[in-house]
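>>> Sequence and computational prediction follow.
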Amino acid sequence: MIYFNKVTKKYNNNTSLEDISFTITPGEFVSIVGHSGAGKTTLTKLILAEESPTDGEVFFESVNIHKLGKKDLTNLRRKMGMVFQDFRLLPNKTAYENIAFAMEAIGRTDKEIREDVTNVLELVGLTDRSLHFPHQLSGGEKQRLAIARAIINQPDVIIADEPTGNLDPVNTNEIVNILKKINDLGTTVILTTHNRSVIDQVRKRVITLENGRITRDDKDGKYMI
């Protein structure tokens, strides 16, 4: 599904990623781990084609994503859902409206929106918070809402960039369980984190970055930093 072929990314004289290659297959749950500055966020930006590699190639479904035109790139990004550490919710819209907005943007019908938003709110445990605005939600609830928005259009891949970075252990546990549930339903999940307890809870494949290089790729979920 996703393939990095000898990818290097430099910013001026600084190398963020250096000569990395790996493959993520459909339905995998892969954690990208490493200390701050290891290159985790750069890697996710390359998958989303928000950045282009200095050298090497990034493929999604056998297509070099950095050679796509604007229209094709837009279609590609619709196959991906993004979850950020800082939530990035629309402050003047309720929980329901935040999710519905993502469906409206691609022209879904009112009936589809009502049905799907109701189902996804239930999936993330926010049914009783549907009419609340983001400022009325806790940090954990905001992140669950962000996940709901990311999955509402049924993407092939969810990319969660440090989604538990601002959360306490209880909320961290809830977020990880939701991501595991989404993966169990067949969606590929890519999670970046530096939290060892998250890795221990997921117990899936772990790719370790150090100074922009892959130093380990463990299929059994070990985090050795």
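Right, received. Where do you want to start?

>>> Render the CA-only coordinates of the one helix or strand Val170 maps to in PDB, please.
Of the helices and strands defined by DSSP states H and E, Val170 is found in helix 169-184. Extracted C-alpha coordinates of helix 169-184, given in PDB (Å, rounded to 0.1, in the frame of the first residue of the first chain):
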ATOM      1  CA  PRO A 169      -2.800   8.100  30.800                       C
ATOM      2  CA  VAL A 170      -6.600   7.300  31.100                       C
ATOM      3  CA  ASN A 171      -7.400   9.300  27.900                       C
ATOM      4  CA  THR A 172      -4.300   7.900  26.200                       C
ATOM      5  CA  ASN A 173      -5.600   4.400  26.800                       C
ATOM      6  CA  GLU A 174      -9.000   5.300  25.400                       C
ATOM      7  CA  ILE A 175      -7.500   6.800  22.200                       C
ATOM      8  CA  VAL A 176      -5.300   3.800  21.600                       C
ATOM      9  CA  ASN A 177      -8.200   1.400  22.100                       C
ATOM     10  CA  ILE A 178     -10.200   3.300  19.500                       C
ATOM     11  CA  LEU A 179      -7.400   3.200  17.000                       C
ATOM     12  CA  LYS A 180      -7.100  -0.500  17.600                       C
ATOM     13  CA  LYS A 181     -10.800  -0.900  17.000                       C
ATOM     14  CA  ILE A 182     -10.600   1.000  13.700                       C
ATOM     15  CA  ASN A 183      -7.700  -1.200  12.600                       C
ATOM     16  CA  ASP A 184      -9.700  -4.300  13.500                       C
END
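
>>> Which helix or strand lies directly C-terminal to that helix?
strand 188-193.

>>> quick one: average confidence on the helix or strand containing Tyr3?
Under the criterion of DSSP H and E, Tyr3 resides in strand 2-11. Averaging pLDDT along strand 2-11 yields 97.

>>> same thing with stretch 197-210?
Rounded mean pLDDT across stretch 197-210 is 93.

>>> try stretch 25-44
93.

>>> Please apply the same query to stretch 70-86.
92.

>>> Quickly note the distance from the most centrally placed residue in the chain to Asp220.
Centroid check for the chain by Cα atoms, centre = their mean gives Ile159 as the closest residue, at 1.4 Å. Distance of Ile159 to Asp220, given as Cβ to Cβ, to the nearest Å: 22 Å. Yep, even glycine has a C-beta here, placed from its N, CA and C like the rest.
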